[in-house]
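Peer 1: I'd like to go over a predicted model; first the sequence, then the structure.
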Amino acid sequence: MDRMASSMKQVPNPLPKVLSRRGVGAGLEAAERESFERTQTVSINKAINTQEVAVKEKHARTCILGTHHEKGAQTFWSVVNRLPLSSNAVLCWKFCHVFHKLLRDGHPNVLKDSLRYKNELSDMSRMWGHLSEGYGQLCSVYLRLLRTKMEYHTKNPRFPGNLQMSDRQLDEAGESDVNNFFQLTVEMFDYLECELNLFQTVFNSLDMSRSVSVTAAGQCRLAPLIQVILDCSHLYDYTVKLLFKLHSCLPADTLQGHRDRFMEQFTKLKDLFYRSSNLQYFKRLIQIPQLPENPPNFLRASALSEHISPVVVIPAEASSPDSEPVLEKDDLMDMDASQQSLFDNKFDDIFGSSFSSDPFIFNSQNGVNKDEKDCLIDQLYREISGLKAQLENMKTENQRAVLQLKGRLSELEAELAEQQHLRQQAADDSEFLRAELDELKKKREDTEKAQRSLTEIERKAQANEQRYSKLKEKYSELVQSHADLLRKNAEVTKQVSVARQAQVDLEREKKGLEDSFRRTQEQTEVLESLKTELATNKQELQVLQGSLETSAQSEAKQVAQIAELQKERDSLLSAATHRDKEFAALQEQLGHDQLKLASTQESVERLVKDQRKVLLMESRMAAERVVQEALSQLEEPTLVSCAGSADHLLSRIKSVSSCIEQLEKSRSQYLACPEDIGGLLHSVTLLAHLTGDTILHSSATCLRAPPEPADSLAETCKQYGRETLTYLASLEEEESLGNASSTALRDCLSKMAAIGEELLPRGLDLKQEELGDLVDTEMAATSAAIETATARIEEMLSKSRAGDTGVKLEVNERILGSCTSLMQAIRVLIVASKDLQREIVESGQGTASPKEFYAKNSRWTEGLISASKAVGWGATVMVDAADLVVQGRGKFEELMVCSHEIAASTAQLVAASKVKADKDSPNLAQLQQASRGVNQATAGVVASTISGKSQIEETDNMDFSSMTLTQIKRQEMDSQVRVLELETELQKERQKLGELRKKHYELAGVAEGWEEG
């Protein structure tokens, strides 16, 4: 453009076709503007979308270039205002990332164009803050950071968006006024605190046990932290330099708060930088600096020379996941020159290159004289001189950069030497720890050997007992077998006698037969005539001979059987003799083992008795140390920030009283049976810990009590500690153990309980016996209120369908439907809360009744009653507000406020219900799930209300086409007056809301028994 302008100045009579260049240029500018807006819209929509992936660098860079092109952010906001940022958390998160980039690297006017949207960002932050899961909390924190950044740069316009300043510029920002430096440091602390909150919130939302940095969802959350790291490095550097400057001008005591806040932020930033440098995602995108091991010592002025400014390096070859070339800041600042060259090229394409490329030819064609050429040559010489000066400046800058890099190299070498020294120190510490570990291992081996020897003795004693039982069983078996053998021997002797008697009878019969046979032979000759009888006698004789042979055979068999029985008898007699000898030997060995077992048992009993004494002495000494430590902590300043309650102190005193009773029982059992020492040791240990806890709670309660009861309680507490030490000392010896008395302990506890009763808050006048009935009554009333509200919503929906049409019917159905969903979610929540309360009462009441349990836990019961009342009242008020909105006489804001109030009341009910629940209870999981359902339904009511409001307001478009200039001016003035009135009313209402909340907290404290600080 300069070249064309100089050429036109040299032409006295320009060509006619040049006169038409303005029209062509206007057309080109319109086309360029349209193309620019279209390109920006596409890039913004691609950068800010609902996909859970990181923003691509090329789209963000296009948005940044667009702000430099148009010198502002009007196009960016015109596109962003059409995006549903309030309904999609991922979309809002990516918008925050892109907007953060624009504030850092965009045109300086981006901040001015964005200030009008600051309140909308605050409202959006509060809205997303109601969601505690997913991207909701992340968006809320990020939006607060962006608002803080805008406010900071508005108050301090000398600071650029990317916070890059030299030391001279930093001094100029404070205007050499220590008050300005002081205020600037405070604002930097606030700014850095918001950055660290976002840093910590992102890390807390990720599962760091897995490689989340390589997933698309993890990179979507981690990508904005690159901008945070860049901001934090500059803010930390400037804070250190400003603190050194303040310490050189102000006393150290005045800046104690600054130093404490810096130490806290230094620790957080160092930890977050270290955790970020270990993530794979950051290793290829950015080199994160490491902060020094120890923070700077601001009390020593020379420590400023030791400070090394953290430098964040973004590698050129890996500046983005898309491996695109890096665009330096100088390129962004030269956008006007590039746009001008583009316009010159288009001009040359239309009119030819002769008008711009060679001004001498153009001048010669128009008869320009030699003096004008000399002027042009002089101008070119001046431009060459200017370029040479620029070249010299560039060389100077390069030399300065080389010197800075050399200085950085020396700093890195010093840091490397320090790291090597630290590594050597760590190695020495490791050797020392290894030596201690070896010594501990030796001690552990000795202990294990002693334990094994004791176990071996116990095992041998057990083995001897088992052996004795086996010998006893074997002896009884021998006695039984001996008796069986005796019985069997008697039976065999009886059988032998029977066999002998049978043999005698057979011999007698044989002799008789022989005599008859001889008499028959002698009479044969005489009885010849009796042949028939003789034949008969012969047959009988043959029969008798057969029977005789049979008898002889049976006799031989019986003789053989008798011989076998005699042999078996002899063998049994020899076995019995052998068994008698073995039994005698076993009896002798049994007597020897019994003597050895008796000596072993005596030694074991002595060892066990010694061990009992040692255990009792060590338990007593440990208990005395616990009580002495608690007494020593009474005067420590760390307890000043603590505060206790009288009801909790009374519960502690009751626990100590129960423990003393149990200790007396255990002491009596130990005196009756010394082997039963476990109960005594447990009671002594429990008494020590409960006593220490009671002493500390008493001291904390004194801090919130009036002076006289506080002094009395502190003195009684000390006396109780001394009496406890005396009582524990009496447990050392068996003689004093029998005479130990806990009367003094009980008297001290009675005094402490009486003082605690005086310090109890005077809250509800309700009797403790009526609390249980009131809980059930309030829960039932809440359920009834929810049912009534649901029925009213259904009735309103039916009336709206019958009487409304079009947009109004659609809005009413959407709002009433979301209200119905909210009531159903609250109903589920109340059912889950009842189940959890029933489980808590059943698991905690023991043998007491539910009413006694509620009376015992009166504070918790009053919280349940208050929360139930709040839920029922909120449901009734929301239904009334919804009825007015449907009828067209209410405000949408009232409905949104009611839904938020219901969400807060249900959150109070959930907190009051789960305070005494088991963390692994399934009913607690159901209650938490129902709570999330209520939050989602509340968000649905708010979203439907906002949508309905905007839909109805769109139907009331304002038409100013028929108004004159005077009328428009008057309307404008009226609108300004109305705006001022509304702002004044808004401020007054906010003050009124603050006072109402204060009064509400005071009344709630009196009603629920809160103690005043």
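Peer 2: Yep, it's here.
Peer 1: Going by C-alpha atoms from here, please, whenever you check contacts or count neighbours.
Peer 2: OK.
Peer 1: What residues sit buried inside the helix or strand containing Tyr236?
Peer 2: Element membership for Tyr236, per DSSP states H and E: helix 225-247. Buried positions in helix 225-247, judged by neighbour count with 16 or more other CA atoms under 10 Å: 225-226, 228-236, 238-247.
Peer 1: How about stretch 453-469?
Peer 2: Within stretch 453-469, the residues scored as buried using 16+ other CA under 10 Å are Ile457, Ala461, Asn464, Tyr468.
Peer 1: Rounded mean pLDDT for it, please.
Peer 2: Mean pLDDT, stretch 453-469: 78.
Peer 1: How about residues contacting that stretch?
Peer 2: Leu590, Asp593, Gln594, Leu597, Thr600, Gln601, Val604 (CA atoms under 8 Å, 6 or more residues apart in numbering).
Peer 1: If we use 10 Å, what do you get?
Peer 2: With contact meaning CA atoms under 10 Å, 6 or more residues apart in numbering, stretch 453-469 is reached by 447-452, 470-475, 589-591, 593-594, 596-598, 600-601, 603-604, 607-608.
Peer 1: Show the subsequent helix or strand relative to whichever strand or helix holds Glu477.
Peer 2: Assessed by DSSP H and E, Glu477 sits inside helix 370-522. As assigned by DSSP H and E, the chain's next helix or strand after helix 370-522 is helix 531-632.
Peer 1: can you give me the offset of the helix or strand just after that next one from its chain's centre?
Peer 2: Following helix 531-632 in sequence order, the next helix or strand is helix 646-672 (DSSP H and E). Here helix 646-672 is found 36 Å from its chain centre; the criterion is CA atoms, centre = their mean, to the nearest Å.
Peer 1: Please give me every residue in contact with the residue nearest to the spatial centre of the chain.
Peer 2: For the chain, Asn204 is the residue whose C-alpha lies nearest the centre (CA atoms, centre = their mean; 8.1 Å). Neighbouring residues of Asn204 by CA under 10 Å, 6+ apart: Leu198.
Peer 1: 7 Å - rerun?
Peer 2: Neighbour list for Asn204: empty [criterion: CA atoms under 7 Å, 6 or more residues apart in numbering].
Peer 1: so what does whichever strand or helix holds Leu121 touch, helix or strand wise?
Peer 2: Per DSSP H and E, Leu121 falls inside helix 118-128. Helix 118-128 sits against helix 135-155, with contacts defined as 3 or more CA pairs under 7 Å, 6 or more residues apart in numbering; DSSP states H and E.
Peer 1: Report the angle between the helix it packs on and helix 118-128.
Peer 2: If you take axes from the mean of the first three to the mean of the last three CA atoms, to 10 degrees, helix 135-155 sits at 160 degrees to helix 118-128.
Peer 1: Pull the residues that contact helix 135-155.
Peer 2: With CA under 7 Å, 6+ apart as the criterion, helix 135-155 contacts 89-90, 92-93, 96, 100, 111, 118, 121-122, 125-126, 128-129, 131, 159, 191, 194-195, 198, 201-202.
Peer 1: Let me know how buried Gln256 is, in neighbour terms.
Peer 2: 11 (other CA atoms under 10 Å).
Peer 1: tell me the domain ranges of this protein?
Peer 2: As given by the TED database, the domain ranges for the chain are 32-128, 156-317, 608-759, 770-953.
Peer 1: okay if I get those domains as CSV plus distance to Leu572 and mean pLDDT?
Peer 2: Below are the domains of the chain laid out as CSV (distance: least, CA to CA, whole Å; pLDDT from 0 to 100):
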stretch, distance to Leu572, mean pLDDT
domain 32-128, 97, 91
domain 156-317, 80, 87
domain 608-759, 51, 75
domain 770-953, 70, 75
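Peer 1: can you list those in TSV and add distance to Lys488?
Peer 2: Converted to TSV, those look like this (distance: least, CA to CA, whole Å):
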stretch	distance to Lys488
domain 32-128	97
domain 156-317	82
domain 608-759	52
domain 770-953	67
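Peer 1: Indicate which one of those is closest to Asp374.
Peer 2: domain 32-128 (36.8 Å; CA to CA).
Peer 1: Can you tell me, leaving aside adjacent residues, what's nearest to Ser741?
Peer 2: Tyr727 (7.2 Å; CA to CA, 6 or more residues apart in numbering).
Peer 1: so what secondary structure elements neighbour the helix or strand encompassing His697?
Peer 2: His697 is part of helix 678-702, with elements assigned from DSSP H and E. Contact analysis of helix 678-702 by 3+ CA pairs under 7 Å, 6+ apart lists helix 531-632, helix 646-672, helix 707-729 as its packing neighbours.
Peer 1: gap between it and the chain center?
Peer 2: 30 Å.
Peer 1: who wins for proximity to Phe432 among the domains of the chain?
Peer 2: Ranking the domains of the chain by proximity to Phe432 (CA to CA) places domain 156-317 first, at 22.1 Å.
Peer 1: Check the offset of the closest one from the chain's centre.
Peer 2: Centroid displacement of domain 156-317 relative to its chain, using CA atoms, centre = their mean, is 26 Å.
Peer 1: picking up where we left off before, buried stuff in the helix holding His697?
Peer 2: Within helix 678-702, the residues that count as buried by 16+ other CA under 10 Å are 680-681, 683-702.
Peer 1: now the angle from that helix to helix 707-729?
Peer 2: Using the same axes, to 10 degrees, helix 678-702 lies at 160 degrees relative to helix 707-729.
Peer 1: which stretches of the stretch 1-150 of the chain form helices?
Peer 2: 2-10, 16-19, 21-47, 57-70, 74-80, 89-105, 109-114, 118-128, 135-155 (DSSP state H, counting those that start in this stretch).
Peer 1: Please name every helix or strand in contact with the longest one.
Peer 2: In terms of contact count using 3+ CA pairs under 7 Å, 6+ apart, helix 21-47 is assigned the packing partners helix 57-70.
Peer 1: List the buried residues of stretch 936-955.
Peer 2: Gln936, Ala937, Thr938, Ala939, Gly940, Val941, Val942, Ala943, Ser944, Thr945, Ile946, Gly948.
Peer 1: Closest one to Met621 out of those residues, please.
Peer 2: Gln936 (56.8 Å).
Peer 1: just to revisit the earlier point, just tell me which of the helices of the stretch 1-150 of the chain ends up closest to Glu894.
Peer 2: With CA to CA, the closest approach to Glu894 among the helices of the stretch 1-150 of the chain belongs to helix 118-128: 15.8 Å.
Peer 1: Tell me the buried residues in stretch 882-898?
Peer 2: Ala882, Asp883, Leu884, Val885, Val886, Phe892, Glu894, Leu895, Met896, Cys898.
Peer 1: Report the two of the residues you listed separated the most.
Peer 2: Val886 and Cys898, at 15.1 Å, using CA to CA across the buried residues of stretch 882-898.
Peer 1: picking up where we left off before, any idea of the angle the helix holding Glu477 forms with helix 531-632?
Peer 2: Calculated by the same axes, to 10 degrees, helix 370-522 forms an angle of 150 degrees with helix 531-632.
Peer 1: For the remainder of this discussion, apply numbering that starts at 198.
Peer 2: Okay, residue one is now 198; in that scheme the one you just asked about reads as helix 567-719.
Peer 1: For helix 567-719, what is the distance to the chain centroid?
Peer 2: That offset, for helix 567-719, works out to 33 Å (CA atoms, centre = their mean).
Peer 1: what does stretch 1121-1128 give?
Peer 2: Computed by CA atoms, centre = their mean, the chain-centroid distance of stretch 1121-1128 equals 17 Å.
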